[in-house]
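Asker: output the structure for:
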Amino acid sequence: MKNILLIFILMIVSIFVVGTSFNSTQIPAAIENFTLLDYNGNEHSLSNYDDSLATVILFIATECPVSNDYNKRMQYIYNEYAPKGFAFLGINSNKAELVDRIKEHAEEKGLTFPVLKDEKNVIADMFEASVTPEAYILNSGLEILYQGRIDNSRNESEVVSKDLETALDEIYSGSEVTKKKTKAFGCTIKRI
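Answerer: I've put the predicted structure just below:
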């Protein structure tokens with residue numbers, strides 16, 4: 001009888017462990033410091049932004065229509081929150097989108113935050129980023145406070161949940177982020 005009870009308990013524990021290891025609400029606990037070049041050849045390391053309230057990472061693309069639908073919103077968020085002490089870095093991890101095109105795109109679309117090139121999608125892999133646009137917020141310890149969508153709709157007139165801004169507001173007010181992960185949507189990052 002004791003053996004049956006022990007087997008039952010081990011089965012329950014193994015189901016729990018396996019179930020939680022594939023839980024879609026899990027996010028990487030922390031990110032390692034990295035250095036990438038922006039489209040002007042300037043180096044940017046996460047450690048350069050330690051004194052920021054938090055660092056916002058935006059995975060973006062030049063050719064993705066969904067990411068392009070968010071250009072004005074991303075710039076708006078940057079304009080609103082950079083003066084409050086948040087740092088912003090755009091990252092392009094698409095293999096076919098070259099640095100010259102990234103620079104042209106940023107200038108055409110009025111993106112004034114740094115956009116970095118992740119040449120071999122190493123950083124996208126580290127973050128487990130899958131689509132553009134996809135947003136992450138990191139604290140000074142490089143722990144992920146938020147991962148997911150910018151808001152709930154590609155169509156700006158249908159937005160009812162501004163998830164990234166809500167998380168930034170919570171951090172700014174000194175509160176914990178209540179919704180740590182949302183489902184990002186957009187174009188798949190084209191990896192090497």
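Asker: what's the distance between Gly174 and Val56?
Answerer: From Gly174 over to Val56 the distance is 17 Å, taken as Cβ to Cβ, to the nearest Å. Backbone N, C-alpha and C define where each C-beta goes, glycine included.
Asker: what about the two, which has more around it?
Answerer: Ranked by neighbour count (other Cβ atoms under 10 Å), Gly174 and Val56 place Val56 first, with 27 against 7.
Asker: my read: that one touches Ile137, true?
Answerer: Yes: if you go by Cβ atoms under 8 Å, Val56 and Ile137 touch, sitting 5.5 Å apart.
Asker: find residues that contact each of those two.
Answerer: Among the neighbours of Val56, those also in contact with Ile137 (Cβ atoms under 8 Å, 6 or more residues apart in numbering) are 164, 168.
Asker: what degree of burial does Phe59 show, as a neighbour count?
Answerer: 28.
Asker: in the sheet, who's paired with it?
Answerer: On the basis of DSSP bridges, Phe59 is bridged to Ile91, Glu134.
Asker: strands along the chain, start to end?
Answerer: Ranges of strands in the chain, per DSSP state E, are 35-38, 43-45, 54-59, 86-92, 115-117, 131-132, 134-138, 144-148, 187-188.
Asker: kindly reformat the ones you listed as a markdown table containing distance to Leu164.
Answerer: As requested, those are exported to a markdown table (distance: least, Cβ to Cβ, whole Å):
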| stretch | distance to Leu164 |
| --- | --- |
| strand 35-38 | 21 |
| strand 43-45 | 20 |
| strand 54-59 | 8 |
| strand 86-92 | 11 |
| strand 115-117 | 17 |
| strand 131-132 | 14 |
| strand 134-138 | 5 |
| strand 144-148 | 7 |
| strand 187-188 | 18 |
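Asker: excluding chain neighbours, what is closest to Glu32?
Answerer: The shortest distance from Glu32 to any non-neighbouring residue, by Cβ to Cβ, 6 or more residues apart in numbering, is to Met126 (6.7 Å).
Asker: no further questions, thank you.
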